[in-house]
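Engineer: I would like to see how this sequence folds:
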Amino acid sequence: MHTVAVLSLKGGVGKTTVALGIASAALRRGARTLVGDLDPQGNATASLDPPMTDASLADVLETPRLAVLDQAIAPSAWSDRLDVLVGAEELELLNEPGPDSRRMDNLARALDELHGSPRGEPYEIVILDCPPSLGRLTRSALLAADSALLVTEPTMYAVAGAERALEAIESIRAEHNPRLRPVGVLVNRLRARSYEHQYRIAELRESFGRLVMPTAIPDRLAIQQAQGACTPIHEWNSPGAQEIALTFNMVLAKILRSNRAGRHRLAREEADEHGEYEEPGEPGAHDRRQDADAGETTSEFPVVRAFAEPEIG
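Structural biologist: The predicted structure follows:
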């Protein structure tokens, strides 16, 4: 079970749209999926339209027991292979800021319980839709996650927000969750013909190098239409929806590759301590070597350099 936290530090950038797009891609892939709605606004829950439950994610954060999880998880209207860990407005009461907030590891405990005692077929991917802040809810998600995807728009505030978010990811990784890895920075609502957007993407790439994902989500009406109809973007019949669906397929593939790369990197670090590291022949290793050979520019931002590949040439 791979858990990815989808986060941003600014509201209105389409973070929930990205979380739902990844869920749609996972469904198309045939993966059993769980979406955890940590945003008190509850937009992901509304779009997935599950039936009423006796509990919510707020109750799970207070009492991370399997019995409470069972009451807070419901099937989505999209598919019986996509479930929702439903959100609630009460989550706002649990979003006090600061790293010392009480019981920040309760979500990680709950997901461990779920992984150890699955409800039927185990989940292959868990998608955590975080609120647009670095309060307790987002930090709880980062403690529970294997990877983190940062969503931004191509605006003048993008670099500063990405820096703060990546600092938080590195802090959680160093102090609490060594398996956590950033998938990258995903640009949403791109207008390809906008000089301003192209300038801001160049600015992001100059600061964060290969952490900026090579694909961006275009600004298309199909996203709002599909969400309004409570329908996966992969099932919305329009040319714009098909373009967006292909992009989300690539984003999901990058997330799953980051899972393999994370295990590979941790194994290498442990083996290096004993001087016995060898390149494993696991699936995807060839792709990672090709990525490393791509020679994309690394970032001058010190937090990012820990994850970026070295500059080549």
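Engineer: quick one: contacts for residue 164?
Structural biologist: Contacts for residue 164 (Cβ atoms under 8 Å, 6 or more residues apart in numbering) come out as 9, 134. (Each C-beta comes from the backbone N, C-alpha and C, glycine too.)
Engineer: Next one, pLDDT for it please.
Structural biologist: For residue 164, the model assigns a pLDDT of 87.
Engineer: Would you map the helices across the stretch 201-313 of the chain?
Structural biologist: Ranges of helices within the stretch 201-313 of the chain are 221-228, 239-274, 285-292, 302-305, based on DSSP state H, counting those that start in this stretch.
Engineer: now the first one: mean pLDDT?
Structural biologist: When pLDDT is averaged along helix 221-228, the result is 85.
Engineer: how far out from the middle of the chain is that helix?
Structural biologist: 21 Å (Cα atoms, centre = their mean, to the nearest Å).
Engineer: buried residues in that helix?
Structural biologist: Residues 222, 223, 226, 227 are the ones in helix 221-228 that count as buried (16 or more other Cβ atoms under 10 Å).
Engineer: Please identify which of these is nearest to residue 153.
Structural biologist: residue 223 (13.5 Å; Cβ to Cβ).
Engineer: got a list of what that closest one touches?
Structural biologist: With Cβ under 8 Å, 6+ apart, residue 223 has these contacts: 14, 17, 21, 217, 233, 241, 244.
Engineer: any chance of those residues in JSON lines, with pLDDT too?
Structural biologist: Shown next, in JSON lines, are those (pLDDT from 0 to 100):
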{"residue": "14", "pLDDT": "85"}
{"residue": "17", "pLDDT": "92"}
{"residue": "21", "pLDDT": "94"}
{"residue": "217", "pLDDT": "89"}
{"residue": "233", "pLDDT": "91"}
{"residue": "241", "pLDDT": "88"}
{"residue": "244", "pLDDT": "90"}
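Engineer: which of the residues you listed lies closest to residue 2?
Structural biologist: Closest to residue 2, out of all of those and judged by Cβ to Cβ, is residue 21, at 16.6 Å.
Engineer: Which secondary structure element is home to that closest one?
Structural biologist: Here residue 21, judged by DSSP states H and E, is contained in helix 15-29.
Engineer: Taking helix 221-228 as reference, get the angle to that helix.
Structural biologist: Here the directions of helix 15-29 and helix 221-228 differ by 80 degrees (axes from the mean of the first three to the mean of the last three Cα atoms, to 10 degrees).
Engineer: May I ask which two of the contacts of residue 223 are separated the most?
Structural biologist: 14 and 241 (15.1 Å).
Engineer: got any ranges where the protein has weak pLDDT?
Structural biologist: Per-residue confidence for the chain (pLDDT under 70) gives these ranges: 97-102, 259-313.
Engineer: now with 50?
Structural biologist: Low-confidence segments of the chain, defined by pLDDT under 50: 100, 262-313.
Engineer: So which residues of it form strands?
Structural biologist: Using DSSP state E, the strands of the chain run over 2-7, 33-37, 73-75, 82-85, 125-129, 147-152, 181-187.
Engineer: quick one: strands adjacent to the second one?
Structural biologist: Each strand that pairs with strand 33-37, with its direction, by DSSP bridges: strand 82-85 (parallel), strand 125-129 (parallel).
Engineer: That one: how far from the chain's middle?
Structural biologist: 11 Å.
Engineer: now the shortest one
Structural biologist: Once both centres are worked out by Cα atoms, centre = their mean, strand 73-75 turns out to sit 20 Å from its chain's centre.
Engineer: any residues touching stretch 189-204, and which ones?
Structural biologist: 13-14, 152-156, 158-159, 162, 185, 187, 212, 216-219.
Engineer: try it again with 10 Å
Structural biologist: Defining contact as Cβ atoms under 10 Å, 6 or more residues apart in numbering, one finds that stretch 189-204 is touched by 12-14, 17, 151-159, 162, 185, 187, 211-213, 215-220, 223, 247, 299.
Engineer: now do stretch 230-238
Structural biologist: By Cβ under 10 Å, 6+ apart, stretch 230-238 touches 17, 20-21, 23-29, 46-49, 76-79, 82, 220-223, 225-227, 229, 240-249.
Engineer: how far away is the closest residue to residue 229 other than its chain neighbours from residue 223?
Structural biologist: Nearest in space to residue 229, with sequence neighbours left out and distances taken as Cβ to Cβ, 6 or more residues apart in numbering, is residue 236 at 7.5 Å. Between residue 236 and residue 223 the distance is 9 Å, computed by Cβ to Cβ, to the nearest Å.
Engineer: Equivalent analysis for residue 132, please.
Structural biologist: Residue 132 is 18 Å from residue 223, where distance means Cβ to Cβ.
Engineer: before we move on, the earlier item: among the strands paired with strand 33-37, which is nearest residue 37?
Structural biologist: strand 125-129 (5.3 Å).
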